[in-house]
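In: Got a sequence here, can you model it:
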Amino acid sequence: MKYWTLPIALMVVGVILLGSGVDNAKYTNIIGVEPAIAQRISPSEVWQVVYQQIPDFPKENQYISKETGKVAENNTLAGRLIRYHIYVKERTPNYRLDWKLTLADYLNANETMYDVTYPGFDVLRENPIEGDRKAISQLTRSQRNALVQVLTNIFNTNSPNTP
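Out: Coordinates of the predicted model:
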């Protein structure tokens, strides 16, 4: 009988602890973006803002859609970079270091990028991963830093905690 009391007591304490933090949780999804922020700006719309702020950033949007057979003009490098960062790597979009890690992935200096998980693989006739990596590698350090700053600013501007 005494061997069962400790596991039951631990389970009860665990349920109480887990239950008490649910209503106070600040972040409610895996990438750490508050739902209010996600409603203000969607990652699928951020790429447009990137090109507004950095007009000479490579579009790499010459790839053909599997579905329509036409050029997928809205499937851009910026859009794929953002989707890779947020959905594939599950990195937070509001920290400079996380964006630098993503760029390091493209430069083959951090984590391995896999063809089958790269955004566009499933919807474009040709996987854009190699072209995207080449385009990122041709950017200067100052261009990469400007990109990181723009992306960080876009996501932080929508944060209610920004001073």
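In: mind listing the helices for the chain?
Out: 2-21, 35-40, 43-53, 77-83, 96-106, 129-137, 141-157 (DSSP state H).
In: So which elements touch the third one?
Out: Helices and strands touching helix 43-53, by 3 or more Cβ pairs under 8 Å, 6 or more residues apart in numbering; DSSP states H and E, are helix 77-83, helix 141-157. For glycine as for every other residue, the C-beta is placed from the backbone atoms N, C-alpha and C.
In: wait, which of these is closest to D98?
Out: Nearest of the helices and strands packed on helix 43-53 to D98, taken as Cβ to Cβ: helix 141-157 at 8.8 Å.
In: neighbours around V150, how many?
Out: Burial measure for V150: 19 neighbouring residues, criterion other Cβ atoms under 10 Å.
In: who are the neighbours in contact with N74?
Out: N61 (Cβ atoms under 8 Å, 6 or more residues apart in numbering).
In: what does D115 give?
Out: 121, 127, 129.
In: re the thing from before, among the helices of the chain, which gets the worst mean confidence?
Out: For these, mean pLDDT drops lowest on helix 35-40, to a mean of 45.
In: Any chance of the helices and strands packed on helix 43-53 in TSV with distance to S44 as columns?
Out: Formatted as TSV, the helices and strands packed on helix 43-53 follow (distance: least, Cβ to Cβ, whole Å):
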stretch	distance to S44
helix 77-83	7
helix 141-157	13
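In: Tell me which of those helices sits most buried.
Out: helix 77-83 (a mean of 23; mean count of other Cβ atoms under 10 Å).
In: Pull it out as PDB, backbone CA atoms only.
Out: Extracted in PDB, the C-alpha atoms of helix 77-83 (Å, rounded to 0.1, in the frame of the first residue of the first chain):
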ATOM      1  CA  LEU A  77      12.800  33.700 -51.900                       C
ATOM      2  CA  ALA A  78      11.700  36.000 -49.100                       C
ATOM      3  CA  GLY A  79       8.500  34.000 -48.600                       C
ATOM      4  CA  ARG A  80      10.300  30.700 -48.700                       C
ATOM      5  CA  LEU A  81      13.000  32.000 -46.300                       C
ATOM      6  CA  ILE A  82      10.300  33.100 -43.800                       C
ATOM      7  CA  ARG A  83       8.400  29.800 -44.100                       C
END
